[in-house]
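S.K.: Sequence and predicted structure, then a few things I'm wondering about:
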Amino acid sequence: MGRRTACLAGAGVFVLVLAGHTRLMPQHIPGRIRTQQPGGARALMRNLRFLALCGLR
């Protein structure tokens, strides 16, 4: 098995595990009221430390 095949197989397993976790996570917790969190994606994209960590800046 080549290196490329092994990497693609590992990526496929990762995607399957991630999809399984997403599917099995509870969508609603009884007795909990969802509240809007301040900031969100817009604040994250303005965070220079986060962008530097991701290599986007």
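M.R.: Alright, I've got the coordinates. Numbering: from 1, shown residues only.

S.K.: what element comes up after the helix or strand bottoming out on mean pLDDT in the chain heading to the C-terminus?
M.R.: Counting by mean pLDDT, DSSP states H and E, the chain has its least confident helix or strand at helix 41-45, which shows a mean of 78. Next along the chain after helix 41-45, taking DSSP states H and E as the criterion, comes helix 48-54.

S.K.: average pLDDT for that following helix?
M.R.: Mean per-residue pLDDT for helix 48-54: 82.

S.K.: For Met25, see how far away the residue nearest to the spatial centre of the chain is.
M.R.: A centroid search over the chain (CA atoms, centre = their mean) returns Leu18, at 8.6 Å, as the residue closest to the centre. As defined by CB to CB, to the nearest Å, Leu18 lies at a distance of 11 Å from Met25. Where C-beta positions appear, they are placed from N, C-alpha and C, glycine not excepted.

S.K.: on that earlier part again, how close does the residue nearest to the centre of the chain sit to Gly10?
M.R.: 13 Å.

S.K.: backbone phi and psi for Phe14, please?
M.R.: phi -60, psi -50 (degrees, to the nearest 10).

S.K.: pLDDT value on it, please?
M.R.: Value for Phe14, per-residue pLDDT: 94.

S.K.: dump the residue contacts of it.
M.R.: With CB atoms under 8 Å, 6 or more residues apart in numbering as the criterion, no residue contacts Phe14.
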